[in-house]
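Chemist: I would like the atomic coordinates for the input below:
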Amino acid sequence: MALNLESISEATSGAIGALVSTTVLYPLDTCKTKYQAEVRSRNHQKYRNISDVLWEAISTRQILSLYQGLGTKNLQSFISQFIYFYGYSFFKRLYLKKSGNKSIGTRANLILAAAAGACTVIVTQPLDTASSRMQTSEFGKSKGLWKTFSEFTWREAFDGLGISLLLTINPSIQYTVFDQLKQRLLKENQSRSRGTGSSPESLSAFSAFVLGAVSKCVATCTTYPAIRCKVTIQAAESDEDETKEPRPKAEKTITGAMYAIWRREGLLGFFKGLQAQILKTVLSSALLLMVKEKITKSTWVLMLALQRYILVNSVKLKNA
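Modeler: Model (predicted):
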């Protein structure tokens, strides 16, 4: 029971951190996604940099459209982070129990994080696809979640699933780097922490923010070409630009998206929007991990209180 409670505590604090970071940085995320989704030649390019997306929203008086799809994104973030952190915590504890080791090596950590990420992707892919389409819709023309879902076939709902599974290496790299740096930082306080109780160790807000930023920067730079392809696959069709030809169905595949980017933008096209991606994801992950670290102990206490309440009531019911 304690094992499950600790996993749930990790998952809950991670999911709450995801909600905070997603909401705070959502306008930047919308600008980044719309910029990444555009696959153009130099002669027909609507957005030359990410600020053009922001200026379009301002000039067309559609500032609130920067928040289009926020509810769906928050729902997807909460569910995905809860599943990810629960799975990651559960797999780590199961591995330590089965192996008898006191710590997890880098290779094992990557495998466990990838397994947790794969479980997350399979469950939340339809929400991820809907969120991307809502974000990349023309400003003021985004549809609600259920209307967006109603226009999907089951196959379209899982657009980009293959590349999303490939991108499970991203959080694997991120949380492996974060955990390794965290363990080194907390190592000198290990003996003192043992005498304070059974609650999980935590970093200061500043330390968690810095380690979160560093770990996500490493993961983003490593996997960015795949991120660009995924956004291209999931993007909504544009009905505003007359110069843009309808996208062939082949571009909805990994190889098709890669070929389209290569043909129209060249090698550098795979890194279009990298700066914006780093800014957004680094800030988002750093904020998420900072919030998670600060509320983990509180969540742990609540979980223990809940466990005690359940046990007390179960004893009363047996004695009644």
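Chemist: Now do the helix ranked longest in the chain, average pLDDT.
Modeler: Identified as the longest helix of the chain according to DSSP state H is helix 274-319. Across helix 274-319, pLDDT averages out at 78.
Chemist: Can you give the distance from that helix to the centre of its chain?
Modeler: 17 Å (Cα atoms, centre = their mean, to the nearest Å).
Chemist: Out of the helices and strands in this structure, which is least certain?
Modeler: Within the chain, no helix or strand scores below helix 190-194, which has a mean of 59 by mean pLDDT, DSSP states H and E.
Chemist: downstream neighbour of that one in the secondary structure list?
Modeler: Reading on from helix 190-194 to the C-terminus, the next helix or strand found by DSSP states H and E is helix 205-234.
Chemist: could you give me the average pLDDT of that following helix?
Modeler: Averaging pLDDT along helix 205-234 yields 85.
Chemist: for it, packing partners?
Modeler: Judged by 3 or more Cβ pairs under 8 Å, 6 or more residues apart in numbering; DSSP states H and E, the packing partners of helix 205-234 are helix 26-37, helix 106-136, helix 161-166, helix 169-187, helix 254-265, helix 274-319. C-beta here means a position set from N, CA and C on the backbone, and glycine is covered the same way.
Chemist: Please name the residues that touch Phe78.
Modeler: Ala15, Ala18, Leu19 (Cβ atoms under 8 Å, 6 or more residues apart in numbering).
Chemist: Going by neighbour count, which of those residues comes out on top?
Modeler: Greatest neighbour count in the contacts of Phe78, by other Cβ atoms under 10 Å, goes to Ala18: 27 neighbours.
Chemist: which regions of the stretch 51-200 of the chain lie under the pLDDT threshold?
Modeler: 188-200 (pLDDT under 70).
Chemist: Using the three-state scheme, assign the residue nearest the centre of the chain.
Modeler: With distances taken as Cα atoms, centre = their mean, Ser77 lies nearest the centre of the chain, 6.4 Å away. Here Ser77 is recorded as helix under DSSP: H, G, I helix; E, B strand; the rest coil.
Chemist: for it, what are its contacts?
Modeler: Neighbouring residues of Ser77 by Cβ under 8 Å, 6+ apart: Ala15, Ala18, Leu19, Thr22.
Chemist: cool, Leu70 as well?
Modeler: Contacts for Leu70 (Cβ under 8 Å, 6+ apart) come out as Thr22, Thr23, Tyr26.
Chemist: roughly how far apart are the last one and Glu265?
Modeler: As defined by Cβ to Cβ, to the nearest Å, Tyr26 lies at a distance of 27 Å from Glu265.
Chemist: My guess is Pro225 contacts Gly269. True?
Modeler: No - look at Pro225 against Gly269 with Cβ atoms under 8 Å: they stay out of range, at 9.2 Å.
Chemist: Pick out whichever of the two has more residues nearby.
Modeler: Each of Pro225 and Gly269 has its neighbours counted (other Cβ under 10 Å); Gly269 has more, 19 against 15.
Chemist: where does the residue lying closest to the more buried one once chain neighbours are set aside land on pLDDT?
Modeler: Of all residues not flanking Gly269 in the chain, Ile261 sits nearest, at 4.4 Å (Cβ to Cβ, 6 or more residues apart in numbering). In this model, Ile261 is scored at 87, pLDDT.
Chemist: pretty sure Ile261 contacts Leu268?
Modeler: No - contact between Ile261 and Leu268 fails when scored by Cβ under 8 Å: they sit 9.7 Å apart.
Chemist: Neighbour count: the two, which is higher?
Modeler: Ile261 (22 against 9).
Chemist: Now do the contacts for that one.
Modeler: Contacts for Ile261 (Cβ under 8 Å, 6+ apart) come out as Val39, Arg228, Cys229, Thr232, Gly269, Phe270.
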